[in-house]
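J.: below are the sequence and a predicted model for it; my questions follow.
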Amino acid sequence: MPAIIQCDMAIVGGGLAGGLIALALRTRRPDIDLRLIEPGAIGGHHVWSFFSSDVADADRWLAAPLVSYRWPAYDVAFPGHRRTLGESYYSIESERFAGVIGDALAPGQLIAAKAIGAGASAVVLANGDRVEAHGVIDARGGGDMAMLDLGWQKFVGRELVLAEPHGVERPMVMDATVAQADGYRFVYCLPFGERRLFVEDTYYSDTPDIDHGALTGRIDTYAADRGWRIESVAREEAGALPVAIGGDFDAFWRGGGARIAKAGLRAGLFHPTTGYSLPDAIRLAVAIADARDLSAAALHDLTHGMAKRAWDSRGFYRMLDAMLFRAAAPEERYRILERFYRLDPALIARFYAGRSTMTDKARILIGKPPVPVGRALAAVRGTR
């Protein structure tokens, strides 16, 4: 006989967004009887990274126990410009993420089953069981994004075990000295140990499909060009992050369920230009943990309100994306980022945190643009 499981809150999806909400509630509101519904490993198999300025001081309590690595600075490199920026950079490994959240959950609060349907106050599982809650949050990844005008940041990342020390002291967040491909390509490196190095080949593209073999081959070439002999591959991940150019946010939200609370990519909570969702996921998890009313209606209004405000406030980034994807010639797109990384470090930090000021926006646009003005204006008009 199918079972009915009753609780205060059900979180559908144990990825980054859902896991953070569960951890925030278990830390701040241990009295709440929650269920985290995830058929696979909590957090999947990923590495998430963030800049110090991405997380507010008041919210660091949530991120701190999850951090696997910290560096006091990071590098960027372009054909005509190389720079070290003195801001702390952090990485979270999914294994640590899963361990911390698993330890925080009480017995029975993790349901290792697939959800086949989710509503505002109930979830139907593939085994026939039903979870009934005062409120449900759907955090099952991106969902249907057809109503949004998107580009994509695609990547394959590999943690390499090398035969000798690699000599990399700090993260290389963007190495655009590599041969360009498709929209805009760079390589990303994280030193996890003297012979362990996470290397990710990343590029911006109009489509989300990934040529896995081509990207792993480019990682091998990148390592060989630097004299790194690969003994083995300790981990591998691949993905395509959405880069928002435009679209109908309200239709997108309704497409995922008009009155159900949502989190992460399913809520549209990601940086329009980078596709990264960790800063927004931290902010939303803290807001939910601090909310007095966790009923279905209140959760919907809270999550929709945060997502809608974020979308409305980030039109500037979508405009830049239109210029990058629709106006800049593919072989010249690296110049946009090269120029950006010559700007003030505080401006760069605010950009990644999604908190650019009006002065920042003017500074990014003022000066000799890498994109011809006529093409830029046409691209921006085309997204409206």
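T.: Great, that's in hand. Numbering: from 1, shown residues only.

J.: please save the CA atoms from stretch 129-140 in PDB.
T.: Only the C-alpha atoms of stretch 129-140 are listed here, as PDB (Å, rounded to 0.1, in the frame of the first residue of the first chain):
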ATOM      1  CA  ASP A 129       3.900   7.300  -1.900                       C
ATOM      2  CA  ARG A 130       2.600  10.800  -1.300                       C
ATOM      3  CA  VAL A 131       4.200  13.500   0.800                       C
ATOM      4  CA  GLU A 132       1.800  16.100   2.200                       C
ATOM      5  CA  ALA A 133       3.200  19.300   3.600                       C
ATOM      6  CA  HIS A 134       2.200  22.700   4.700                       C
ATOM      7  CA  GLY A 135       4.500  24.000   1.900                       C
ATOM      8  CA  VAL A 136       6.500  22.500  -0.900                       C
ATOM      9  CA  ILE A 137       9.500  24.000  -2.700                       C
ATOM     10  CA  ASP A 138      10.400  22.700  -6.100                       C
ATOM     11  CA  ALA A 139      14.200  22.800  -6.600                       C
ATOM     12  CA  ARG A 140      14.600  20.200  -9.400                       C
END
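
J.: so for it, mean pLDDT?
T.: Average pLDDT, stretch 129-140: 97.

J.: just the buried positions in that stretch, please.
T.: 131, 133-140 (16 or more other Cβ atoms under 10 Å). Where you see a C-beta, it was placed from the backbone N, CA and C, and this is true even at glycine.

J.: and stretch 343-362, by the same measure?
T.: Under 16+ other Cβ under 10 Å, the buried positions of stretch 343-362 are 347-354, 356, 360-361.

J.: grab the nearest non-local neighbour of Ala238.
T.: Counting by Cβ to Cβ, 6 or more residues apart in numbering, Ala238 lies nearest to Val156, which is 4.5 Å off, once chain neighbours are set aside.

J.: would you check that the one you found makes contact with Leu215?
T.: Yes - contact status for Val156 versus Leu215: in contact at 3.8 Å, counting by Cβ atoms under 8 Å.

J.: so for the two, which residues contact both of them?
T.: Residues within reach of Val156 and of Leu215 at once, by Cβ atoms under 8 Å, 6 or more residues apart in numbering, are 201, 238.

J.: sorry, back to before: include pLDDT, distance to Leu62 and secondary structure when you put the buried residues of stretch 343-362 into JSON lines, please.
T.: Listed next are those as JSON lines, based on pLDDT from 0 to 100; distance: Cβ to Cβ, whole Å; DSSP: H, G, I helix; E, B strand; the rest coil:
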{"residue": "Leu347", "pLDDT": "97", "distance to Leu62": "26", "secondary structure": "helix"}
{"residue": "Ile348", "pLDDT": "96", "distance to Leu62": "24", "secondary structure": "helix"}
{"residue": "Ala349", "pLDDT": "96", "distance to Leu62": "20", "secondary structure": "helix"}
{"residue": "Arg350", "pLDDT": "96", "distance to Leu62": "21", "secondary structure": "helix"}
{"residue": "Phe351", "pLDDT": "96", "distance to Leu62": "23", "secondary structure": "helix"}
{"residue": "Tyr352", "pLDDT": "95", "distance to Leu62": "19", "secondary structure": "helix"}
{"residue": "Ala353", "pLDDT": "94", "distance to Leu62": "16", "secondary structure": "coil"}
{"residue": "Gly354", "pLDDT": "93", "distance to Leu62": "18", "secondary structure": "coil"}
{"residue": "Ser356", "pLDDT": "96", "distance to Leu62": "24", "secondary structure": "coil"}
{"residue": "Asp360", "pLDDT": "94", "distance to Leu62": "26", "secondary structure": "helix"}
{"residue": "Lys361", "pLDDT": "93", "distance to Leu62": "29", "secondary structure": "helix"}
